[in-house]
Structures are given as structure tokens and as C-alpha cells.
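Trainee: Could you look at this predicted model? Sequence included:
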Amino acid sequence: MKKYWLTLLLIALALMIVACGGEDTKDNGSDSASPKNDGQETNATGEGGTIKIGVLASLTGALESYGKQTQRGFDLGIEYATNGSMEVNGKKIEIVYEDTETKPEVAVQKATKLLEDDKVDFLVGSSSSGDTLAVLPLAEEYEKIMVVEPAVADSITGAEFNEYIFRTGRNSSQDAYAAAAAIAGKGVKIATFAPDYSFGWDGVTAFKTAAEKLGAEIVLEEYADPAATDFTSNLQKVLDAKPDYLFVVWAGANSPWNQIADLKIQEKGIKISTGAPDIIALQFMNPLVGMEGFSVYYHSLPQNDVNKWLVDEHQKRFNEVPDLFTPGGMSAAISIVEALKKSEGDADANKLIGIMEGMSFETPKGTMTFREEDHQALQSMYSIRLEKQDGVDYPVPVLIRELSPEETAPPVMN
């Protein structure tokens, strides 16, 4: 059981900070029948009828908790956005869930099934960046809007972007910009610590770019063998550099948190900073009490009516608070319903693209806006401090300040 929780912690920390590591196939002007339009006209444009949404998520395996958070959030989001009717413009909304098993080849199979057999009007997903990247070309081939949630790889709205892709989930660069905005400023000295492979290099590079733009100085980039069990020499270099902050990007079998605590780095005047993950992973972060970093979401951070509804309803139905990816599922659902309201129930993707580009909508994280250039949702993030609270068995992210969508807007990369 201990090994299971450790595995979840490592996955959570990896996805919080950096994501897991197209040829145009449309038939332009052909008179022949195409699978992307076969039998789907009634759903998209007819009076009455049904709007079908296919949701891809990791509903089993290592990312099962993330997939189920998305599923709960999406169901609640459709209910919220339709005032409980589960209809938009007289059309019933039907949701079909498919488990990708966090395997790209399975994700493609399940997405194809949704498009070919279930005749869905929209795709949503998925929990893994690898699964999502494998499915992106199908959205273009079948000319269906795909709302990406919660996969974070920059390339989804960057190098692999196509016009049918809209993302309510944040991307890796937004995480880096949020992390920098939480601690960086003119004259602030920051050391970074990361594993010595692409995950660590990419995470530090993105953070460094964002932090230096805010006037901070990166005084040390320290990389460690991810298989190491002793980080004393690495952390001693951090102490010698005397930064104001140590920003940690980490995923691997041996996390540095206990040694950071043993060396009393925070007591020696160096503040620790990293991303606050989901509740399960927070239970392993007691050595980091007092650290300042960022959060994508914690249920008590956003103060708005949508989040209040989500928290209240989630507690009533599941006897627990919503977690990291629940509001993302809700945001994806709301974005689809709002777009359909504007289109008067027309699910034709080529019409919806123009409606959704630049569209703003209210979510548990406040107002999101799909940026016209790359369809990335600009959104609030949170500068936080981890604190112990009575009755809670993990360090709680406490708000220092809300980071605006403008502060955390990533560069356009498509």
C-alpha cells in the first residue's frame, strides 16, 4: 500500500510541473463519402435530437484518480451549465465515457469507436498527454471539436495543434509562469534542483525563462541522478549558493523532500518552492510545511459562485471535496454548453471554431478565455503557502494571492 501511495505522489508531482514527455488528412473538395460526416448530420444540425459527447479518460490504472476526477467534474459541469435539464437548445446531451488505460494505442482505438460507432459530436480528454497527442489528428480528420482536459503537454496547443483543438486544461508553460509569478521578482535569487534528464531540463528551462522575465536571477541550476538515494552533495551546493528560494522540479523513485528537511534548508533562510499537487500527494509533503509555491486548484482557493456550487454539490454527493482535476472536467463541460448556446444547438465544428475562438466562460477557477491564436484557455492560478491546519492530515495550500490569466499566459507556440 505504501508503494501504491508513493507511485501516486510521484505521478502527481510530475504532472503538476511539467507534462509527460500533423499532417493534414482532411478530404478537401472530394465528392466521395467520408467517414467524418457519415450519418452525423442529424446530431449536428437537426431540430431536437441529441448532442453526443465522447470523453476519454484514464478510468483504470495509475492515473485512475485523475480520470475519475475529470468524470465527476464533467458530469457536474453539464448539469450546472444546463440548469439541471441536461439539454441545450432543445437537444438532449448524452455523454459516453471510454477508458484509455493510459495507453496511446488504446486511446486511438477508443476515440475511433466514439467517432465511428457512437457518432459523437465532440471529443474530450484525456488524463495523459501521450494519449491526447495520439488522438489529436482524429479530431481534425473527422472535423470534430476536441476539448483537451487535463493533459498539459505544451505541444498539444503548440507543435501538434490543429484548429479543432481547444484546451481548458492549463499547459506546462502556464505552470512554469505560475511558479515564477509566485516567487520571482527583481533581485530575487533562485536556485533550481531537478533530475538530470529531459523532464528536469525542460522544467527548469521553462521556469528560468519565466523567472528571468520578472527580474529574478537564477544563481544555480543543480541536476541530480534520478536514481540516487543521497542528494547531500547536490543540496550542499544549494546552501553554498545562498539563494532566496530553491525551486524544485522532481519526479522519480527517490524524492528529495526528506533530505531537504533533514538539512534544515528552510531553517537556514532558503525558502522551498514547488507545485502543490492533488490531496493524496499532499499527504506526503509534511516536510515542506511553510514552502511557498503555486497551485492549479485547491477547493478553498477560488472565491466565486461556480466553485461554491461545485464544492457544495460534490460534498453532498460524494462526501468529499473536489480535487485537482475535478474543476477542469467541469470547465470543459461548461465550455461546450456555452458554445452550443451561442450556436443555437448547432454542433458543426467548422461553425463552432469561430464561436469558440476568443470565447470567455465562467468556471470554478473564474473566467477562462480561449485564446484565438492557439485555443489555449487563459486562466487564474494561485500563489500559495503550505500550512498545517487543525483536523487536516496534510499541509493545506493557503492563498497568498491569485495569479491572473494575464500573469500566467504562456507564449503562443503553434
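Mentor: That came through fine. Numbers count the residues shown, from 1 in each chain.

Trainee: so residue 69 touches residue 320, yeah?
Mentor: No. Using C-beta atoms under 8 Å, residue 69 is not in contact with residue 320; the gap is 10.8 Å. To be clear about C-beta, it is placed using only N, CA and C from the backbone, and glycine gets the same treatment.

Trainee: In terms of packing, which of the two has more residues around it?
Mentor: When residue 69 and residue 320 are compared for neighbours, residue 69 comes out ahead with 24 against 10, by other C-beta atoms under 10 Å.

Trainee: What segments of the stretch 101-250 of the chain are strands?
Mentor: Applying DSSP state E, counting those that start in this stretch to the stretch 101-250 of the chain gives strands spanning 122-124, 145-148, 165-167, 189-195, 217-224, 245-248.

Trainee: Would you state the helices of the stretch 301-414 of the chain in chain order?
Mentor: Ranges of helices in the stretch 301-414 of the chain, per DSSP state H, counting those that start in this stretch, are 305-318, 326-342, 349-356.

Trainee: Can you give me the buried ones in the first one?
Mentor: Of all the residues in helix 305-318, those buried under the rule 16 or more other C-beta atoms under 10 Å are 306, 307, 310, 311, 313, 314.

Trainee: before we move on, the earlier item: which stretch among the helices of the stretch 301-414 of the chain comes nearest residue 212?
Mentor: Set against residue 212 and scored by C-beta to C-beta, those come closest in helix 326-342, at 29.3 Å.

Trainee: Checking residue 97 next. Helix, strand or coil?
Mentor: Secondary structure assignment for residue 97 (DSSP: H, G, I helix; E, B strand; the rest coil): strand.

Trainee: and it, bridged to which residues?
Mentor: residue 55 (DSSP bridges).

Trainee: mind checking the end-to-end distance for stretch 74-93?
Mentor: 12 Å (C-alpha to C-alpha, to the nearest Å).

Trainee: same question, stretch 108-128
Mentor: 13 Å.

Trainee: taking the mean pLDDT, what do you get for that stretch?
Mentor: For stretch 108-128, the mean per-residue pLDDT is 97.

Trainee: do the same with stretch 371-379
Mentor: The model assigns stretch 371-379 a mean pLDDT of 98.

Trainee: Go through it and flag the buried ones.
Mentor: Judged by neighbour count (16+ other C-beta under 10 Å), stretch 371-379 contains these buried residues: 371, 374, 375, 376, 377, 378, 379.

Trainee: swap in stretch 203-210?
Mentor: Here stretch 203-210 shows 203, 204, 206, 207, 208, 210 as buried, counting by 16+ other C-beta under 10 Å.

Trainee: repeat for stretch 357-368
Mentor: Neighbour counts over stretch 357-368 (16+ other C-beta under 10 Å) mark 357, 359, 361, 362, 363, 364, 365, 366, 368 as buried.

Trainee: for stretch 319-332, same thing?
Mentor: 322, 323, 324, 325, 326, 327, 328, 329, 330, 331, 332.
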